[in-house]
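Enquirer: Any chance you could fold what I've pasted below:
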Amino acid sequence: MDQTQTQSSSMRFLPYLVAATFFMEYLDTTVLATALPQMAQSFGVGPNDLSLGMTAYMLALAVFIPISGWIADRFGSRTVFGGAIVVFTVASVLCGASNGLFAFTAARVLQGIGGAMMVPVGRLIVVRNTDKRQLIKAISTITWPAIVAPVVGPPIGGFITTYASWRWIFLLNVPFGIAALIATFMMIRNERASEPKPLDIVGFVLSGTTLTFVLYGTELASQQGASLATAGAFVAAGLVLGVLAVRHAAGREHPLLDFTTLRVPTFSVTVITGSVTRIGIGAVPYLMPLLFQVGFGLSAFRSGLLLLASALGNLGMKALTTRVLQHYGFRATAIVDVAFASVFIVACGLLTPETPLAIVLFVVFIYGVTRSMQFSTLATLAYADIPQNQMSSANTLWNAAQQMSIGLGIAFGSLSLRIAASLRAQASDVPHFTLGDFRWAFLFAGVLTLVSLIGYVRLAPDAGRHLSSRRAAG
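Expert: Numbers count the residues shown, from 1 in each chain. Here you go, the predicted structure:
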């Protein structure tokens with residue numbers, strides 16, 4: 001009896017352990033952008049040269065996320081998750097100790113491999129070990145790092161680089177990594193597939209190359225001065241390879257990426273429609289700091305403080321997510337929330353330096369609320385009707401789609417700004433952004449988010465009913 005109670009108690013704390021590791025991974029990525037000037041000075045290179053380190057991390061994620069589920073099934077989820085924490089923590093030390101661009105880039109690749117195993121496998125552990133009736137709360141817990149980190153990262157990065165050294169951005173991961181590793185071996189069972197599937201090497205190469213080309217193309221498109229034609233060629237090549245990957249998977253008994261999971265309506269909506277939503281909503285964390293700094297003329301630190309209103313909205317909504325979904329259901333919540341998100345994304349673009357501070361904070365806060373609610377809804381609904389034997393495959397595909405939509409969101413925001421500026425400026429003008437450009441960019445993001453409403457309307461009224469503890473009990 002005592003052993004059963006101890007195991008049950010460990011399961012209650014499991015989502016918080018996974019959320020802590022997610023926050024460590026997501027925060028590193030968002031904090032780094034504010035530290036680039038100081039790091040460039042330390043390495044004796046230009047700030048733009050350091051984008052190689054950020055791109056290397058992203059590409060390592062793209063290559064190894066598809067294989068994370070297969071590795072967890074073969075070697076055990078605890079072994080892989082714990083090993084990923086070790087790799088990520090050691091790589092963080094190497095990043096903090098780097099004295100040159102090559103060493104830093106190599107350390108970021110290693111860190112990306114750790115992140116590619118840590119995030120998908122961590123989510124898989126939670127889904128496998130959580131009762132359906134408690135899944136809404138568990139997924140809400142592990143989703144908040146991805147929602148909050150992009151908002152709180154810039155002010156934290158600005159504080160660390162201003163009052164300490166950029167190296168502490170990475171070295172602070174060490175105590176958290178050690179604590180998470182100890183908790184992992186105390187709380188998590190080493191579950192593995194009873195009959196591990198053979199490795200689909202061709203599928204691994206096709207899926208990894210597809211994600212690499214698409215993400216590199218979108219990253220290239222987000223850089224000012226980069227050739228849009230070259231970026232488009234990479235994305236187009238990635239899409240072609242993606243078609244080949246789907247055709248290859250259809251002809252295999254055990255494909256690395258199982259696209260048959262898309263036949264489940266709730267999962268299909270969260271992957272396809274949800275990706276469109278995440279691109280539109282995900283463009284805002286890229287656009288909003290630029291609006292405050294370029295459009296309003298604020299410092300990076302003051303801009304970051306304004307963004308904390310979004311973080312408060314994100315965190316505040318977490319306390320209500322479970323009750324909202326249980327009371328109104330997934331379909332109604334997704335429809336209403338996307339509509340509100342679209343309106344307030346457009347409203348962000350209508351802000352000016354003369355707008356009263358209270359209104360600015362209100363608009364940013366409500367955007368944070370809608371962002372939190374929609375991302376939690378999608379992350380939970382994805383696993384509502386997936387059979388247990390397809391859980392690993394669905395988790396891998398979900399994480400690949402999520403990672404791609406993050407990169408596409410940044411690229412969409414950047415492209416929207418570049419298009420608005422090019423339409424306004426004369427051929428001889430020096431490219432720069434005005435408040436008018438930001439209005440158009442936020443309008444594009446709001447419209448794209450609203451377009452995704454079509455997919456949620458087509459959901460069944462009782463979609464995800466198995467995740468409601470009240471209805472399940474009934």
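
Enquirer: so what are the domain limits for the chain?
Expert: Taking automatic domain parsing as the criterion, the chain consists of the domains 1-187, 200-255, 258-474.

Enquirer: OK, contacts around residue 113?
Expert: Going by Cβ atoms under 8 Å, 6 or more residues apart in numbering, residue 113 touches 60, 64, 87, 91. (Each C-beta comes from the backbone N, C-alpha and C, glycine too.)

Enquirer: Please report how far the last one lies from residue 174.
Expert: Just to be clear, that refers to residue 91. The spacing between residue 91 and residue 174, counted by Cβ to Cβ, to the nearest Å, is 11 Å.

Enquirer: if you count what's nearby, which of those two comes out ahead?
Expert: Set side by side, residue 91 and residue 174 show more neighbours around residue 91, with 26 against 14, by other Cβ atoms under 10 Å.

Enquirer: so where does the residue lying closest to residue 212 once chain neighbours are set aside fall, helix or strand?
Expert: Leaving aside its chain neighbours, residue 212 sits nearest to residue 62 (4.8 Å; criterion: Cβ to Cβ, 6 or more residues apart in numbering). Per DSSP states H and E: residue 62 is located in helix 51-75.

Enquirer: Does anything pack onto that helix? Which helices or strands?
Expert: Using 3 or more Cβ pairs under 8 Å, 6 or more residues apart in numbering; DSSP states H and E, the elements in contact with helix 51-75 are helix 2-43, helix 77-97, helix 101-128, helix 201-221, helix 391-424.

Enquirer: now the angle from it to helix 101-128?
Expert: Angle, helix 51-75 to helix 101-128, by axes from the mean of the first three to the mean of the last three Cα atoms, to 10 degrees: 40 degrees.

Enquirer: Could you list the buried residues of helix 51-75?
Expert: 51, 53-73 (16 or more other Cβ atoms under 10 Å).

Enquirer: what does stretch 178-189 give?
Expert: Using 16+ other Cβ under 10 Å as the test for burial, stretch 178-189 gives 180, 181, 183, 184, 187, 188.

Enquirer: mind checking how far the fourth one is from residue 379?
Expert: Distance, residue 184 to residue 379, using Cβ to Cβ: 21 Å.

Enquirer: Same check on the first one?
Expert: Spatial separation of residue 180 from residue 379 under the definition Cβ to Cβ is 21 Å.

Enquirer: do the last one as well
Expert: Here the criterion is Cβ to Cβ. By it, residue 188 lies 20 Å from residue 379.

Enquirer: Same question for residue 391.
Expert: The spacing between residue 391 and residue 379, counted by Cβ to Cβ, is 14 Å.

Enquirer: neighbour-wise, which of the two wins?
Expert: residue 379 (24 against 16).

Enquirer: mind checking which helix or strand that one is in?
Expert: Assigned by DSSP H and E, residue 379 falls in helix 357-381.
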